[in-house]
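Participant: Below are the sequence and a predicted model; questions follow.
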Amino acid sequence: MKHMLKYILKRLLIMIITLWVIITLTFILMINIPGSPFNSDQSSNATVQANLEAHYNLDQPYYIQYLLYIKSIVTFDFGPSIKQPNQTVNDLLSRGFPISFELGIITIAVAVVSGILVGIIAALRHNGFLDYLTMGIAVLGISIPNFILATLLIQQLAVNLEIFPTATWRSPAHMVLPVLALATGPMAIIARLTRSTMLEVLTQDYIKMARAKGLSPWKVIFKHALRNALMPVVTIMGTLFAGILTGTFVIEQIFAIPGMGRYFVESINQRDYPVIMGTTVFYSAFLIIMLFIVDIVYGILDPRIKMHQKGGK
Amino acid sequence: MKERKLLWVLLVMLTALFLAACTANEDAGEAPENTDTTEEGNGEDGEAAEETPDLDGKTLYINNGQEPTSFDPSVGFDQLSWDPLNNLMEGLTRLDENSEAAEGVAESWDISEDGLTYTFHIREDANWSNGDPVVAEDFVFAWKHMLDPETASAAAFLAYYIEGGEEYNSGEGSADDVNVTAIDDKTLEVVLIQPTGFFLDLLTNPAFFPINHQVAEETPDWYAEADTFVANGPFMLDSWEHDSEMIFAKNPEYWDADAVNLDYVHFSMVNNTNSQYQMFQTGELDTASIPPEMSDELIDGDNVFIGESGGLEFYRFNLTEEPFQNKKIRQAISYAINRDDIAEYVVKQGVEPAYGFVSPGFTAPDGKDFREENGDLLSFDPELAQELLEEGMQEEGYDELPPIVLTYSTSDVNQAVAETMQNMLSENLGVDVTLENQEWNVFAEAQQNLELQFSRSSFLNDYADPVNFLESFITDSYMNRTGFSSEEYDELIEKGKSETDEEQRYEYLYEAERILAEEMIAMPIRYYNVVVLEADGVEGILRHPVGYFDLKYADKTE
């Protein structure tokens, strides 16, 4: 327990340093991209541009701007967005994240459950028809980009058959198509991963042992085989989680879902500096925490890892 | 033992997921509370939510693409904000069916003989949606708010025609020096720096909309949410779920409420052209734009509205870089471009090729169109192009033309146009240009700093007068971006802004445009247009060549 606490504290410290490095790098990159948030197709003049720069402190020297950013991060108040001055960055994040999160959680649940099931079935029917069929579909799922799948789904299920609404985010029915479009890729990855590790595990001695003991096939699979087969899946879960939960720009755009995915992309195109900083910090913190949780879970699932950490010290 | 551990891990993970899901739902439930949603339970993504919100009454479903930048009339300087805002508010003047400035909140006005002082008489029955009367002070407040450097309004330069406006905005003057006064509650007086023939038209621009000063003093960010927003136009803001949807309801306090046919307007925010078209197909939207790749298929349909739009796509020559210091070489490039082909086969969408700078749709005092009156100033003439190129090269003593780089901001259509031009220059002139594309913002910066040699540009009118575009090319203008400077031209533009005799004023502008074409510092390609799909039964939407769409008279028959 003491080891655990020490380990967590150490990790927390590393997390903060990592975050600081990310913030600083982002800032350096940000001030080095040419362009300004105030470039637009509209007419303008020099006075107006100067007023805008002063308003957002962009006329200050870089070190002052940097300190202002650090301050905004420490106080977790990123100020107003430059491109949507009605809204603070905090507004955008607190409004967009729950929606992206909701979409993400459902997608992950669908992807993980169906992915593992398909993987197990394929492994059990190794080289059989079901194996080829599911893995064939999985390869398709990995290779078809989700935005193409999304457009196809809308055209078939919304426009032609009128089963589901086309876009926007209002009711459970509105969630079906985006979740399908988004879950297919990860599901295919998880299915393939589960299948391959499952195949490996199923040949191990302890499985043969379990079978020899006369355990029912389902007990063997779910109690003994699956547990070890899941390790690689847990590994990729961290990044998968962070990626999907914080929103995917393209899917959110196609389905007009007011999540936070688009802020990542558009804030950079628009040079909306406070939003760039806000989303980067948020995303990085989220990703770092997710990886941390995965490591902890990993350690609990597989005692060998904990041993290694003790040995490392 | 092992089993128990596994069970424990699973339990923790499930609890975490469950808690996370709960907090997500709490947050999701919170958001709509800020906005004044009319439909119950719309926020809880659950039982009560409908597919398309059915509003009780005649409702038009349209798409705004994205969240408006801001409904502060001084700040939201773009179509995303001003299209909707134009239907929530009204200035002293409003564009009528003929796209001309007509009485809005002001029922009449007097213009002094020197053309400098405008006195507006505000309607007795002009009210805000909260019941307050619209008073002259609301305009004084709004215009000074726009000019306040602290507001950092991108539109502020439009108000430089008002005496003291530029000084206040640049920090040299004060708010008190801005010469706009409320004589009494219903009389507003404004003094201009020079007679400005298009001032009444300028006032239709949303930047000049009034702000209810009592509300704004109490709630400085009154414009950010539906429950604090006060409107004085045909519609009022019923609900606003940021990034998702807005519902406008007919404003019973509007002075001309009887003319308004719709009970509600529902704005979606769908930013993907395919998705919004698919929503149009399923009837979830009443109007939509045509996805570029479906242009050929749809453009000739019955339900397509094609209208003029004040604006020009053109290419700028950089006069500070070789070989474009030479006029003949610039002209040669222009004569080698076949604009008809570019408009018809490359850009498509029913656009018109540009043989002048000022787009069609600006009516001269004699009732004729500016464009027709000044005629075609350019043409496609490969032979003349060849001649001019040779003469130009001789003048500069070139044996070989210095390399030319044509730069555009990254987009499919821009690339297609650029590649076509590259071909035309190679075939018709034997000149090989190199293409270069840049991310839009990088591109804009480089063009502003005169770092590009030959680069794509676009212009969209802010107000309906030819001088709006022509003024770009006066010496050291922020919009110049070519290095061009001509005293003669500057003088013509100055007169084209201040001349009180409208016919004479247009003469100056015709002349200015001819100089622009002769000097060929910028090369027109095509005019912009508006293409909209409208569902059966939708009618009466006003789309002006310059300005923002107007739903005041819009109707929808089932």
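Facilitator: Here it is on my side, so go on.

Participant: what residues does the stretch 151-300 of chain B put near chain A?
Facilitator: Within the stretch 151-300 of chain B, the positions adjacent to chain A are B:151-157, B:166, B:169-170, B:221, B:223-224, B:241-245, B:268-272, B:274-276, B:278-279, B:281-282, B:284 by C-beta under 8 Å from any C-beta of the partner chain. For the C-beta atoms, the positions are set from N, CA and C on the backbone; glycine is no exception.

Participant: Which residue, other than its chain neighbours, is closest to the residue of the stretch 351-500 of chain B at minimum distance from chain A?
Facilitator: Going by C-beta to the nearest C-beta, chain A is nearest to B:N441 of the stretch 351-500 of chain B, at 3.1 Å. Spatial nearest neighbour of B:N441, chain neighbours left out: A:G35 (3.1 Å); criterion: C-beta to C-beta, 6 or more residues apart in numbering or on different chains.

Participant: In the stretch 251-400 of chain B, which residue sits nearest chain A?
Facilitator: For the stretch 251-400 of chain B, C-beta to the nearest C-beta, closest residue to chain A: B:V270, 4.0 Å.

Participant: hmm, back to that, and the residue nearest to B:N441, what is it in contact with?
Facilitator: A:R271, B:E439, B:N441, B:V442, B:A444, B:E445 (C-beta atoms under 8 Å, 6 or more residues apart in numbering or on different chains).

Participant: Let's see that with 10 Å instead.
Facilitator: A:268-271, B:438-446, B:448 (C-beta atoms under 10 Å, 6 or more residues apart in numbering or on different chains).

Participant: count of neighbours near residue 83?
Facilitator: Assuming you mean chain A. 23 (other C-beta atoms under 10 Å in any protein chain shown).

Participant: not quite, I wanted chain B
Facilitator: B:D83: 21 neighbours (other C-beta under 10 Å).

Participant: which phi and psi does the residue nearest to B:Q79 when sequence neighbours are not counted have?
Facilitator: Leaving aside its sequence neighbours, B:Q79 sits nearest to B:Y548 (C-beta to C-beta, 6+ apart; 6.8 Å). With angles defined as degrees, to the nearest 10, B:Y548 sits at phi -120, psi 150.

Participant: Domain boundaries for the chain, per the record?
Facilitator: Reading this off chain A. Chain A breaks down by automatic domain parsing into domains covering A:2-74, A:98-269.

Participant: nope, chain B
Facilitator: B:59-268+B:535-556, B:309-530 (the TED database).

Participant: For A:Y298, find the nearest of the ones you listed.
Facilitator: Minimum separation from A:Y298 across these (C-beta to C-beta) falls at domain B:59-268+B:535-556, 36.6 Å.

Participant: Burial-wise, tell me which of the domains of chain B comes out on top.
Facilitator: domain B:59-268+B:535-556 (a mean of 20; mean count of other C-beta atoms under 10 Å in any protein chain shown).

Participant: how about B:I337, what does it touch?
Facilitator: Here B:I337 is in contact with B:315, B:353, B:378, B:380, B:382, B:385, B:420-421, B:424-425, B:428-429, B:523-525 (C-beta under 10 Å, 6+ apart).

Participant: Same question for B:A446.
Facilitator: A:P34, A:G35, B:T407, B:S409, B:Q438, B:L452, B:S455.

Participant: again, only using 8 Å
Facilitator: So B:A446 contacts A:P34, B:T407, B:Q438, B:L452, B:S455 (C-beta under 8 Å, 6+ apart).

Participant: How about B:G483?
Facilitator: Contacts of B:G483 by C-beta under 8 Å, 6+ apart are B:N318, B:L319, B:T320, B:L450.

Participant: how about the helices in the stretch 1-150 of chain A?
Facilitator: Counting by DSSP state H, counting those that start in this stretch, the stretch 1-150 of chain A has helices at residues A:2-32, A:46-55, A:62-74, A:89-124, A:129-143, A:146-153.

Participant: quick one: low-confidence parts of the chain?
Facilitator: All of this refers to chain A. A:1, A:242-243, A:246-247, A:302-313 (pLDDT under 70).

Participant: ah, no, chain B please
Facilitator: B:1-54.

Participant: Would you mind listing what in the stretch 201-313 of chain A touches chain B?
Facilitator: Close to chain B, as judged by C-beta under 8 Å from any C-beta, the stretch 201-313 of chain A has residues A:223, A:227, A:253-256, A:258, A:262, A:269-271, A:297, A:300-301.

Participant: Restricted to buried residues, select those in PyMOL.
Facilitator: Buried residues within those, by 16 or more other C-beta atoms under 10 Å in any protein chain shown, are selected in PyMOL with:
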select buried, chain A and resi 227+253+254+255+256+258+262+270+271+297+301
